[in-house]
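Peer 1: quick one, fold the following:
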Amino acid sequence: MKSILKGLTYPRHRSKQLHDVRDGVVPVGLLDEAEARETLTAYLRLCNVIYDELNIAKEARWKSQEDYVESLISETLTAIRNGRR
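Peer 2: Here you go, the predicted model:
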């Protein structure tokens, strides 16, 4: 996992929470809207890195949801950079 994460831009403070959500330790329903959005963004960014490693073309990744995924990632990262949640 660490070799995949090297050099990746994503909400790093959410990576532990992402693992906890995956493992069922933290129910997503307990996260506030900003936490849930940042956790989802971390997940989407990690998925994109894995897709890159597997040489899966961008157009084959999210299909009809591609614009939504890219928009969500962009908006969330911009909010984080600007200090908004």
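
Peer 1: CA only for contacts and neighbour counts going forward, please
Peer 2: OK.

Peer 1: give the residue spans of the protein that score low on pLDDT.
Peer 2: Regions of the chain meeting the criterion pLDDT under 70 cover residues 1-13, 84-85.

Peer 1: hmm, try it at 80
Peer 2: By pLDDT under 80, the weakly predicted segments of the chain are 1-16, 84-85.

Peer 1: list phi and psi for the residue lying farthest from the centre of the chain.
Peer 2: Computed with Cα atoms, centre = their mean, the residue of the chain farthest from its C-alpha average is Asn55, at 18.8 Å. Main-chain dihedrals, Asn55, degrees, to the nearest 10: phi 60, psi 40.

Peer 1: how far away from the center of its chain is the longest helix that the chain contains?
Peer 2: The helix spanning the most residues in the chain, taking DSSP state H as the definition, is helix 33-53. On the basis of Cα atoms, centre = their mean, to the nearest Å, helix 33-53 sits 1 Å off its chain's mean C-alpha point.

Peer 1: so what touches the helix or strand just after that helix?
Peer 2: Once the chain leaves helix 33-53, the next helix or strand it forms, by DSSP states H and E, is helix 58-61. When contacts are taken as Cα atoms under 8 Å, 6 or more residues apart in numbering, the neighbours of helix 58-61 outside the stretch itself are Tyr51, Glu66.
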